[in-house]
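J.: any chance you could fold what I've pasted below:
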Amino acid sequence: MHTYHTPLDLVRLRHLEKPVVCARPDRLARASHWFQENFPGEVLYAVKANPSPWIIDGLYAAGTRFFDVASIPEIALISERCPDAKKAFLHPVKSRESIRRAYYEFGVRIFALDTEAELNKILEETNHADDLTLIVRLAVSNEGAVFSLAGKFGVPAFDAAELIRSCRAHADELGVSFHVGSQCMLPSAYRSAMMEASRLIAQAGVTVDIVDVGGGFPSIYPGLTPPPLTEYVRAIEDAFEEMMVLENADLWCEPGRALVSEAESVLVRVELVKGDALYLNDGAYGRLFDAAHSKWPFPVRHHRASGESTAETAMFRFFGPTCDSLDAMQGPFELPADTAEGDIIEIGMLGAYGTAIASDFNGFGSTELAMVADAPWPSMFDQQPDRATGEDSTVINLARARRRRPKLRRRA
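T.: Residues are numbered from 1 along each chain as shown. Reported below is the predicted structural model:
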């Protein structure tokens, strides 16, 4: 596949009838390498964020060998494209057939749950296998997240200790997990969740082999600039050292958004201008679901096949191509005031939950894929100075001494 230097080169070379997904393999590889080099444990890619074959292949090429899967189609996708990769079935509610097929057909041994009923399903459908890794998902606060995921999954604190004990009796390895919410803006949220998990483990009075801090790692969007990712890793490392888990316990994370958001944008065409409303050939039922329903602030750029646009800007609303009035994105989006029919709008940072959620409703949804080499938006993976130091600072950064509190011994 041909790689264009920038999306504008593509716009000026040929007519674009369908929306075009602009793939940035370099951004994907950089994100993958950052997590592998900086997170002090196992990194599982959350396939739900973007299951595109080019994403899966790119992550595998960059060294990813562990995937968080939530369904048989996701398990089959990873099995086909990455046959030697490890898969963890981390959806807390699964059909019996899915459990059975995952275990016997695809060799999955890692299963998440948040109820005794789900534990019983897993045990029954695997014939009480003795090689299971069971991950108990805990309910934790999502206070630091832009998009809360609380309420649907996670065993509440008053039931957690008993469920952890029940799982320990059947697990070859036992873990706990949680999710602090999507686009978490507070590194301290991970520490709070880990300390709550530690309290529940101590209450259960059993050994735990794995702590999975889930996803929630953020990206940069207009008006949403998180702290550097190093602060998230530091908070997780420090909390892990204090947890009541085995001395050689494993630490996992499940990034989705942070790994892939920078890797894709979409080029959409203006079909009609009506006052401050731009009617586009993609929308809420396509790759702009979050812009419509979550009011997510995606960055935008204007491209014109020939000629220059005015320097004057205006604020616009977007409408998608379907006949549904819900296909609307209020924005506002700042673009050249003379934006006209036929112009191309690039909507950035759509690698996470853009392609994954898109549908073919109303006959729309078909796209092209093109590789591009630019990096037009701020990145979480650009080198960022330590907040405690600056050019004129007299502070000397020393390596932090690692402290370990006494931990439990691994069970025989």
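
J.: pLDDT below threshold where in this protein?
T.: Within the chain, the ranges that satisfy pLDDT under 70 run 1, 145, 147-150, 383-412.

J.: show me the helices in it, by range?
T.: 7-13, 25-38, 53-61, 72-81, 96-104, 116-125, 157-168, 188-204, 229-242, 257-260, 289-293 (DSSP state H).

J.: what sits against the residue nearest to residue 8 when sequence neighbours are not counted?
T.: Residue nearest to residue 8 in three dimensions, not counting chain neighbours: residue 303, with 5.0 Å by CB to CB, 6 or more residues apart in numbering. In short, each C-beta sits where N, CA and C put it, glycine included. Taking CB atoms under 8 Å, 6 or more residues apart in numbering, we find residue 303 in contact with 7, 8, 11, 267, 343, 344, 345, 346.

J.: now rank the residues you listed by neighbours and give me the top one.
T.: Using other CB atoms under 10 Å as the neighbour criterion, residue 267 leads the contacts of residue 303 with 26 neighbours.

J.: identify the bridge partners of it.
T.: Beta-bridge pairing of residue 267, defined through DSSP bridges, involves residue 20, residue 346.

J.: contacts only, for it.
T.: By CB under 8 Å, 6+ apart, the residues touching residue 267 are 7, 10, 11, 16, 19, 20, 22, 303, 344, 345, 346.

J.: turn those residues into JSON lines, including distance to residue 112.
T.: Converted to JSON lines, the contacts of residue 267 look like this (distance: CB to CB, whole Å):
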{"residue": "7", "distance to residue 112": "39"}
{"residue": "10", "distance to residue 112": "41"}
{"residue": "11", "distance to residue 112": "44"}
{"residue": "16", "distance to residue 112": "42"}
{"residue": "19", "distance to residue 112": "35"}
{"residue": "20", "distance to residue 112": "37"}
{"residue": "22", "distance to residue 112": "34"}
{"residue": "303", "distance to residue 112": "43"}
{"residue": "344", "distance to residue 112": "42"}
{"residue": "345", "distance to residue 112": "39"}
{"residue": "346", "distance to residue 112": "37"}
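
J.: okay, domains of this protein per the record?
T.: 25-260, 263-372 (automatic domain parsing).

J.: so how far does the longest one reach from one end to the other?
T.: Between the start and the finish of domain 25-260 there is a gap of 10 Å, counting by CA to CA, to the nearest Å.

J.: same check on stretch 275-290?
T.: Counting by CA to CA, the terminal residues of stretch 275-290 are separated by 24 Å.

J.: for stretch 354-362, same thing?
T.: End-to-end for stretch 354-362, by CA to CA: 18 Å.

J.: can you list contacts of it?
T.: So stretch 354-362 is contacted by 21, 48-52, 264, 266, 285-290, 321-324, 365-367 (CB under 8 Å, 6+ apart).

J.: residue contacts, the residue positioned nearest the centre of the chain?
T.: Nearest to the mean C-alpha position of the chain, by CA atoms, centre = their mean, lies residue 256 at 1.8 Å. For residue 256, the contact set (CB under 8 Å, 6+ apart) comprises 45, 46, 47, 48, 49, 50, 68, 215, 352.

J.: apply 7 Å and report the result again.
T.: Contacts here follow CB atoms under 7 Å, 6 or more residues apart in numbering; on that basis residue 256 touches 46, 48, 49, 215, 352.

J.: of those, which belong to strands?
T.: Cross-referencing the contacts of residue 256 against strands under DSSP state E gives residue 46.

J.: still on that earlier bit, distance of the residue nearest to residue 8 from residue 269?
T.: Distance of residue 303 to residue 269, computed by CB to CB, to the nearest Å: 10 Å.

J.: between these two, which contacts overlap?
T.: residue 344.

J.: tally up the residues packed near residue 77, please.
T.: Residues near residue 77, counting by other CB under 10 Å: 19.

J.: picking up where we left off before, of the contacts of residue 267, just say which sits nearest to residue 315.
T.: Distance to residue 315 across the contacts of residue 267 (CB to CB) is lowest for residue 345, with 13.5 Å.

J.: pretty sure that closest one contacts residue 268?
T.: Yes - look at residue 345 against residue 268 with CB atoms under 7 Å: they come within range, at 5.3 Å.

J.: got any residues that touch both of the two?
T.: residue 280.

J.: which strand residues bridge the residue nearest to residue 8?
T.: residue 344.

J.: measure it to residue 16 for me?
T.: 9 Å.

J.: what do these two both touch?
T.: With CB under 7 Å, 6+ apart, residue 303 and residue 16 have common neighbours residue 344.

J.: nearest residue to residue 34 other than its sequence neighbours?
T.: In this structure, residue 34 finds its nearest non-sequential neighbour in residue 381, 4.9 Å apart by CB to CB, 6+ apart.
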